[in-house]
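# Build me a model:
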Amino acid sequence: MIEVVELTKVYGNKTVLEGISFEVSAGSIFSMLGPNGAGKSTAIKILSTCLSFDTGKVQIAGLDVARQAKEVRKNIAVSGQYTSLDEQLSGQENLELFARLIGIRRTQARGLALEQLARF
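Reported below is the predicted structural model:
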């Protein structure tokens, strides 16, 4: 169901994910554990198509996350560790995340989030 091979993500000169690999079979339960800063949230953002990656291979349900993001989003659901909002993210980031998960483009999601925050 999920295949991650040698996944790497770099911000500037800081490598936040370095060559991680794992598989999750259909119907199984999988969790990621690690200390703050280990890259768990970054990996979830990549798996949920909200963040690009630098190298590696990521497939969900046989779909390439980098090339078939729209189709991937139709086949997944993401739930944070809390019931509705991720407390690690700002209000704007939460709004952008949910907008991206329903297929809104990144720049439009950012604009909509800022618009809603201004209205609030």
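# OK, contacts around the residue nearest the centre of the chain?
For the chain, the residue sitting closest to the mean C-alpha position, by Cα atoms, centre = their mean, is Lys45 at 1.5 Å. Residues in contact with Lys45 (Cβ atoms under 8 Å, 6 or more residues apart in numbering) are Leu51, Leu97. C-betas here are computed from N, CA, C, even on glycine.
# What's the separation between it and Glu115?
22 Å (Cβ to Cβ, to the nearest Å).
# Ok, Gly27 next?
For Gly27, the distance to Glu115 - Cβ to Cβ - is 40 Å.
# out of these two, which sits in the busier spot?
Glu115 (11 against 6; other Cβ atoms under 10 Å).
# that older thread, check for me that the residue nearest to the centre of the chain belongs to a helix.
Yes - under DSSP: H, G, I helix; E, B strand; the rest coil, Lys45 falls within a helix.
# And it, how far from Arg100?
Lys45 is 9 Å from Arg100, by Cβ to Cβ.
# for Asp86, same thing?
For Asp86, the distance to Arg100 - Cβ to Cβ - is 13 Å.
# These two: which is more packed in?
Shown here are Asp86 and Arg100; by other Cβ under 10 Å, Arg100 has more neighbours (22 against 17).
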